[in-house]
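Colleague: predicted model, plus sequence, below.
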Amino acid sequence: MLPWKRVLRPLAALLLTAAAALVPATSAHAADARPSSGWNDYTCKPSAAHPRPVVLVHGTFGNSVDNWLGLAPYLTSRGYCVFSLDYGQLPGVPLFHGLGPVEKSAEQLSAHVDKVLAATGAAKADLVGHSQGGMMPRYYLKFLGGAGKVNALVGIAPSNHGTTLSGLTNLLPYFPGIGDLLNENTPALADQVVGSDLLTKLNEGGDTVPGVRYTVIATRYDEVVTPYRGQYLNGPNVRNVLLQDLCPLDLSEHLAIGLIDRIAFHEVVNALDPAHATPTTCASVFS
């Protein structure tokens, strides 16, 4: 008789880590992206100081509101026109998005950027994404013509080269059929496993495309996109930032860096407006 407990425990750990660790702590109430403090206000016109709209791209199991309850007001209060979208929805699954195939999600992002550019009159947008939302836009930039419409991509804890979920995804080969189950039910999770077909295609021939500035903001305490150095990009116009190099006292992990970390938020603003960047330190939490 098989030792079922020993077999199922690692599998349960894999699936629960993928789900629980990625669900925003503010998993909430808002199913749409209604304006909040100027956020998702399609009458907003970019200023001379901030001439490009900012499109926020949520992570796996996130949505257009809950993922950005911290960063969106932070940016709007500094004069940015800020927009967000829902993508990767699965039928019958409310609130928790970013689960569909990355290629299809990138098509949704493409349509949303076009909508934002048309509304604001801007020639290009800046993209800021958390987790999958920092990686998926690269598909849009590389394969869907996004490079001509985007000035900068800022990835907060992005899954650029996939994740082992601290090694748990290495268990997949020992459970025949589980990979197919993930592909069928939550394609985005399968797409983000190290070595997936999606990531192989995305990273083949180089991580970046010409004409776009890339910033990656990572934390050494990331327990979801592991190892954290796999978040970094290689290529021209790339800046890889480790949060703890800016503030050694910052203990943010995968969720906190995107949801509440004002030190990371300060560095996002630096990435959006490098000409007026100011040093990011532990004191930036008060900025």
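Modeller: Noted; the coordinates are in hand.

Colleague: next, the buried residues of stretch 199-212.
Modeller: Using 16 or more other CB atoms under 10 Å as the test for burial, stretch 199-212 gives 199, 202-203, 207-209, 212. C-beta: built from backbone N, CA, C; applies to glycine.

Colleague: which one of those is nearest to residue 231?
Modeller: Ranked by distance to residue 231 (CB to CB), the buried residues of stretch 199-212 are led by residue 207 at 11.0 Å.

Colleague: Three-state assignment for residue 44, please.
Modeller: coil (DSSP: H, G, I helix; E, B strand; the rest coil).

Colleague: where's residue 47, which helix or strand?
Modeller: Using DSSP states H and E, residue 47 sits within no helix or strand.

Colleague: surely residue 142 touches residue 211?
Modeller: No - using CB atoms under 8 Å, residue 142 is not in contact with residue 211, being 11.7 Å away.

Colleague: tally up the residues packed near residue 224, please.
Modeller: Residue 224 is flanked by 21 other residues according to other CB atoms under 10 Å.

Colleague: can you check residue 103 too?
Modeller: Considering only other CB under 10 Å, residue 103 is surrounded by 17 other residues.

Colleague: before we move on, what about residue 244?
Modeller: 16.

Colleague: measure it to residue 272 for me?
Modeller: The gap separating residue 244 from residue 272 is 22 Å, by CB to CB, to the nearest Å.

Colleague: likewise residue 149?
Modeller: Plainly put, residue 149 is 16 Å away from residue 272 if you go by CB to CB.

Colleague: strands of this structure, residue ranges please.
Modeller: With strands called from DSSP state E, the chain shows them at 54-57, 82-85, 125-130, 150-156, 213-218, 238-242.
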